[in-house]
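Engineer: Sharing a model prediction with you, sequence too.
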Amino acid sequence: MPISRRLLLSGGAALALTGCGSDTGRGGEGSGRPRLSHWYHQYGEAGTRQAVGRYAAAYEGADVRIEWRPGNYDQQTAAALLTNSGPDVFEVNGPSLDQIRGGQVADLTGLLDGVKDDFDRAVLAPKTWDGRVWAIPQVVDTQLLYYRRSLLEQAGVRPPRTLDELVDAARSLTRGTVKGLFLGNDGGAGVLGGTPLYAAGLSLVTADGRPGFDDPAAARTLGKLHRLYAEKSLLLGAPADWSDPSALLQGLTAMQWSGLWALPVVKKALGYDFGVLPFPADGPAGRPAVPVGAYGAAVSTRSGRQEAAKAYVKWLWVDRSDYQEDFALSYGFHIPARRSLAAKAGKLKEGAAAEAVRFTADHGYAQPLLWTVAAQTAYQDGLSRIIKEGADPEREVRAAVRRTAEELKRAGKKA
Amino acid sequence: MAAYGAVRRRRQALWFWVFTGPFVLGLVLFTYVPLGWSVWLSFFDAHNTVSPTDFTGLDNYRQVLGDPAFRSALGTFALFTAFIVPATYALSLGLALAVSRLRRAQAFFRSVFFLPTACSYVVAALVWKLSVFNGVRFGLANTVLGWFGAEPVAWLSVTDPPWYWLVVVTVRLWLQAGFYMVLFLAGLQRIPPQLYEAAAVDGARPGWQTFRHITFPALRATSVAVVLLLVINAFQAFDEFYNLLSDARGYPPYARPPLVYLYYTALGQGQNLGVGSAGAVVLALVIAVVTVVQSRWSGLGRREA
């Protein structure tokens, strides 16, 4: 039979149609269960994706489809929440104040009835606005200063307990091709953020909603970070950035600021030749500081199946503590958001992990919800200029305080 | 007869729309509607929404123009254009002249220089960032420096001297010089050989004199097109800047062209679509003015005398 053009076209169209039609997930059609889409950002650790798929498949109440989204996750969710084709349930490194007030995320307060006190207070605080909870914290993440014991001993330096000691140690540890300290390829402005302010006894935003670093101590502390840069103690331009412990493991640096998630890799590579510290205190009012953060599970208000989505979130992130523990500790390395789980987890009972748990409990601070992106950008720009260009810290702090105050006024106006 | 003519005209109109319709529809839907929407958004307080209700007049414009970061972004962009346009122009013209003089293997060298054009900006930027210009001792540039006993340089992280400009400019030069070389080659081939013969008869020396008085003036039309394209491309600077300098925590306060600034303001977690749109409108106006001035000055579209 000669193939006519019409035949070819109709055949192609049929193929295209079946191509589209095959994307029906796990055949929940007709079973009467609502279908939910649940978004996660891409975790680097092997097994996480399979694990969340397993949890979703075990849920009876709905046909949950996992969407694993590589790339710039925050941008993707922010854009998707403006449309009707976004997720029903999504993991969020927030939600931001504007997302809460824009009515983009559902009120999940009721899901925590009776167990609210079991959640880590520091990470629950930024998920709370107006006394209501807008996302359920999944795990607690933190960042630490890793150091190589052997290199410190060789240089005759003790683990730094104050910011001045850190600056001096970084200088003494810089020898030949090994740098003293790695704070990220941008010199530290990005990853440190507000941490030095908390280490100076200050904050980003006060409890009553004013800029928390309108204080001479802020300029004094931030100015010291410039010394690290000026004395060439900082590793810059490393192939892998701060979030990856490669620079420490490859011997490019003696100390590195990185995430708790790096701990298993560091331990495996260095054995006992490493230690962890919080960001050291500075000044008379100072205290050590570590940032804590948490991805939370949120429900989109654009979802047509909000109630089903809430029930699913309650099941996974409140009721199923076995899954929560598995998620936190079997793949990557995070502290469970539930204090009862963190207390009984064997992996967190000794060594550097136990210290990390103690740091988060004693010195953890979470970025306040009122710390908006605009304020953060202004502060981070200023901090970068202080560190790299030796800009006048007082002037930069003043500019950032002004911008923060404007943002807080905007936030207060609409509240 | 008249009825037949009307039918024909109607059929012609039908076919006109069949062929241009999809394109016009796409243009309206994906270009003009968002453009208009953006202008509309720029007069509202639009945080995390594209259907805002809070009219704020010119507040967003005041805010974006009052933001030193936006003004410095415009400065960055001007500086970048001032670097990249003459540099690419000179390099691609030089390459074209060199390649056109080759007796052998011309096609080979033409292809070799053209190849980088096929590479994506993102890929090239990552190669530049991670292997050529990384800041540690085993980066390519630092290895070369090491041979002369120099200290490794953190190319993208230091601001004094601003080495990051070297990285940003070279990656774009490498990517686009070959493409403009091809345009110049086409221009060179259109110059009638009689001109060179006549010049030789008049005693013009080959080399600079011939280039200055024959080749360069004869390439005028090509030059105008190349410069215009280069400036437009420079306006769109985003990919290599973003991929070279951004990290998970944001973007440094230097080498931040307007599109990167707007990206962080309006998209991402910022989601300040009102101020972002105002910035986009300001930028569009700047581009429009520059393009109009440039085409007036170069006589683009004027009939060749």
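Structural biologist: Nice, I can see it.

Engineer: in what helix or strand does A:Phe251 lie?
Structural biologist: Actually, residue A:251 is Gly. It isn't Phe. A:Gly251 belongs to no helix or strand when assigned by DSSP states H and E.

Engineer: That one and A:Leu166: what is the separation?
Structural biologist: Applying Cβ to Cβ, to the nearest Å, the value for A:Gly251 to A:Leu166 is 20 Å. Every residue, glycine included, has its C-beta placed from N, CA and C.

Engineer: neighbour count winner among those two?
Structural biologist: A:Leu166 (26 against 11; other Cβ atoms under 10 Å in any protein chain shown).

Engineer: confidence score at the closest residue to B:Leu140 other than its chain neighbours?
Structural biologist: Once flanking residues are discounted, B:Leu140 sits nearest to B:Val132: 4.6 Å by Cβ to Cβ, 6 or more residues apart in numbering or on different chains. You'll see B:Val132 listed with a pLDDT of 91.

Engineer: What of B:Asn142?
Structural biologist: pLDDT, B:Asn142: 89.

Engineer: Now do the SS call for it.
Structural biologist: helix (DSSP: H, G, I helix; E, B strand; the rest coil).

Engineer: And for A:Pro87?
Structural biologist: Classified using three-state DSSP, A:Pro87 is coil.

Engineer: By proximity to chain A, which residue of chain B wins?
Structural biologist: B:Gly135 (1.5 Å; Cβ to the nearest Cβ).

Engineer: I'd like the distance from that residue to A:Leu183, if you could.
Structural biologist: Taking Cβ to Cβ, one finds B:Gly135 at 13 Å from A:Leu183.

Engineer: more neighbours, those two?
Structural biologist: Taking other Cβ under 10 Å, B:Gly135 and A:Leu183 do not tie; A:Leu183 has more neighbours (27 against 24).

Engineer: what number of residues lie near residue 231?
Structural biologist: All of this refers to chain A. With other Cβ under 10 Å as criterion, A:Glu231 counts 14.

Engineer: could you do chain B instead?
Structural biologist: Close neighbours of B:Val231, defined as other Cβ under 10 Å, add up to 16.

Engineer: ok, A:Gly180 touching A:Gln256?
Structural biologist: No: judged on Cβ atoms under 8 Å, A:Gly180 makes no contact with A:Gln256 at a distance of 10.1 Å.

Engineer: what residues are shared contacts of these two?
Structural biologist: A:Leu235 (Cβ atoms under 8 Å, 6 or more residues apart in numbering or on different chains).

Engineer: mind giving me the domain split of the chain?
Structural biologist: No chain was given, so I picked chain A. A:32-138+A:294-365, A:142-292+A:372-414 (automatic domain parsing).

Engineer: nope, chain B
Structural biologist: Taken from automatic domain parsing, chain B resolves into B:1-41, B:45-298.

Engineer: Highest mean neighbour count out of these?
Structural biologist: Burial of the domains of chain B is given as mean neighbour count (mean count of other Cβ atoms under 10 Å in any protein chain shown); domain B:45-298 ranks first at a mean of 17.

Engineer: Give me the distance between the two termini of that one.
Structural biologist: 41 Å (Cα to Cα, to the nearest Å).

Engineer: repeat for stretch B:121-139
Structural biologist: Its start and end residues considered, stretch B:121-139 measures 20 Å (Cα to Cα).
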